[in-house]
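K.L.:
coords below, sequence missing:
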């Protein structure tokens with residue numbers, strides 16, 4: 001019997017952060033949060049989520065922020081939107 005298993009990424013989810021300010025260029029409403037989730041699969045069927053990574057990018061200055069670089073304002077806006 002042949003068994004196909006492994007990991008694969010899911011579809012990226014984008015969320016616009018309208019009430020957050022970019023710490024670099026000080027522009028308000030230009031941040032977009034992108035979440036990528038990795039799943040374990042058997043026969044190309046997703047079974048459960050393994051990991052999740054979120055990054056934020058400013059559309060004005062193109063600066064990117066990883067999760068450890070998020071400001072308190074970014075974290076508050078993300079938690080408010082994800083509820």
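P.N.:
In hand now; what should we look at? Small disclaimer: the values here were computed from a predicted structure and weren't measured.
K.L.:
drop to CA atoms for contacts and neighbour counts, all remaining ones
P.N.:
OK.
K.L.:
the residue positioned nearest the centre of the chain pairs with what?
P.N.:
The structure's the chain has its C-alpha centroid closest to residue 35; by C-alpha atoms, centre = their mean the separation is 2.0 Å. For residue 35, the beta-bridge partners are residue 13, residue 54 (DSSP bridges).
K.L.:
residues touching it, list them.
P.N.:
Listed by C-alpha atoms under 8 Å, 6 or more residues apart in numbering, the contact partners of residue 35 are 12-14, 52-55.
K.L.:
could you redo the last one with a cut-off of 6 Å?
P.N.:
By C-alpha atoms under 6 Å, 6 or more residues apart in numbering, residue 35 lies in contact with 12-13, 53-54.
K.L.:
what of residue 46?
P.N.:
When the contact criterion is C-alpha under 6 Å, 6+ apart, the partners of residue 46 are residue 40.
K.L.:
may I have the secondary structure class of it?
P.N.:
Following DSSP: H, G, I helix; E, B strand; the rest coil, residue 46 is assigned to strand.
K.L.:
just to revisit the earlier point, so what's the residue nearest to the centre of the chain scoring on pLDDT?
P.N.:
Among the per-residue scores, residue 35 shows a pLDDT of 94.
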